[in-house]
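> can't give you the sequence, but here's the structure:
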């Protein structure tokens with residue numbers, strides 16, 4: 001992708017990259033209790049507005065999605081993005097977290113991809129190796 005930006009810390013540790021038409025954000029493990037932290041959705045909305053894009057790929061390798069508050073934030077963020085004709089795609093989700101999402105949204109509210117490349121492409125394509 002185009003450019004790498006430094007890790008941003010505002011309760012959440014975020015590695016942010018700007019690619020063509022996308023904001024790519026890897027979310028680090030929360031440093032404290034979710035109750036004490038600034039809402040992730042607000043932080044990401046702010047970032048997206050700063051970068052003038054409504055296309056977001058979230059890498060959630062280090063996140064536990066068992067918290068209904070965190071999932072609620074993802075739902076609110078997704079609704080906000082869709083309201084601006086944007087798209088949010090998730091990647092790097094553990095099998096356990098995939099199961100949590102599947103149980104809570106059997107109709108597949110979130111699109112979950114293996115990695116950033118799949119998420120940007122919007123397909124579950126086998127990687128093409130040479």
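That came in fine, so what should we check first? Everything quoted here is computed from the prediction, not taken from an experiment. Numbers count the residues shown, from 1 in each chain.

> so, low pLDDT: which residues of this protein?
For the chain, applying pLDDT under 70 flags the ranges 1-10, 32-36, 106, 108, 125-130.

> could you pick out the longest strand of it?
strand 12-19 (DSSP state E).

> what about residue 78? Give its phi and psi, please.
As for residue 78, its main-chain torsions (degrees, to the nearest 10) stand at phi -60, psi -40.

> give me the buried positions along the longest strand of the chain.
By neighbour count with 16 or more other C-beta atoms under 10 Å, strand 12-19 contains the buried residues 12, 14, 16-18. Placement of C-beta: from N, CA and C, glycine included.

> one more: stretch 68-81?
Result for stretch 68-81 [16+ other C-beta under 10 Å]: buried residues 70-71, 73-75, 77-78, 80-81.

> same thing with stretch 50-65?
Buried residues in stretch 50-65 (16+ other C-beta under 10 Å): 53-60, 63, 65.

> can you give me the helices in the chain?
Using DSSP state H, the helices of the chain run over 40-50, 68-82, 95-104, 116-121.

> redo the ones you listed as JSON lines? Include distance to residue 29.
Shown next, in JSON lines, are the helices of the chain (distance: least, C-beta to C-beta, whole Å):
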{"stretch": "helix 40-50", "distance to residue 29": "12"}
{"stretch": "helix 68-82", "distance to residue 29": "12"}
{"stretch": "helix 95-104", "distance to residue 29": "13"}
{"stretch": "helix 116-121", "distance to residue 29": "19"}
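
> and these: which comes nearest residue 26?
Shortest distance between residue 26 and those, using C-beta to C-beta, is found for helix 116-121: 8.8 Å.
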